[in-house]
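1. Show me the folded form of this:
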Amino acid sequence: MDGGPQQLGKWLVVIGGAIVVLGLLMLQLGRLGLFRLPGDFQFGGRNWRVYFPLATSLLLSLLLTLILWLIHHFRH
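-> Residues are numbered from 1 along each chain as shown. This is a model prediction of the structure:
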């Protein structure tokens, strides 16, 4: 690293900010019902629960693929 500890500190702040933004986005999307789609599975017992968001994962993957494809398409 060229900048030493200052450069590392800047990157940690950027990564921390991105995690905060992602967390806030997840909270808002959860309120809209994104993580309760028909293909999202939940099962568990009395003291445990497993949540497997299959439909949400597929939808987010499709949207991200479309967005990245559009960015790539318009840059060339």
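2. tell me the secondary structure for Gln42?
-> Assigned with DSSP: H, G, I helix; E, B strand; the rest coil, Gln42 falls in the strand class.
3. The residue lying closest to it once chain neighbours are set aside: what's it in contact with?
-> Excluding its sequence neighbours, the residue lying closest to Gln42 (C-beta to C-beta, 6 or more residues apart in numbering) is Tyr51, at 5.1 Å. To be clear about C-beta, it is placed using only N, CA and C from the backbone, and glycine gets the same treatment. Contacts for Tyr51 were tallied using C-beta atoms under 8 Å, 6 or more residues apart in numbering; they are 40-42.
4. Pick the one among the residues you listed closest to Thr65.
-> Taking C-beta to C-beta as the measure, Asp40 is the one of these closest to Thr65, at 19.6 Å.
5. still on that earlier bit, generate CSV for the contacts of Tyr51, with pLDDT as supplementary columns.
-> Shown next, in CSV, are these (pLDDT from 0 to 100):
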residue, pLDDT
Asp40, 89
Phe41, 91
Gln42, 90
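6. right, and the secondary structure at Val50 would be what?
-> Assigned by three-state DSSP, the conformation of Val50 is strand.
7. residue contacts, it?
-> By C-beta under 8 Å, 6+ apart, the contact set of Val50 is 42-44.
8. Show the buried residues in those.
-> Buried residues within those, counting neighbours by 16 or more other C-beta atoms under 10 Å: none.
9. on that earlier part again, the residue nearest to Gln42 and Leu32: what is the separation?
-> Using C-beta to C-beta, to the nearest Å, Tyr51 is found at 17 Å from Leu32.
10. Would you mind measuring from His72 to Leu58?
-> Relative to Leu58, and taking C-beta to C-beta, His72 is found at 21 Å.
11. who's more crowded, the two?
-> Between His72 and Leu58, Leu58 has the larger neighbour count (other C-beta atoms under 10 Å), namely 12 against 9.
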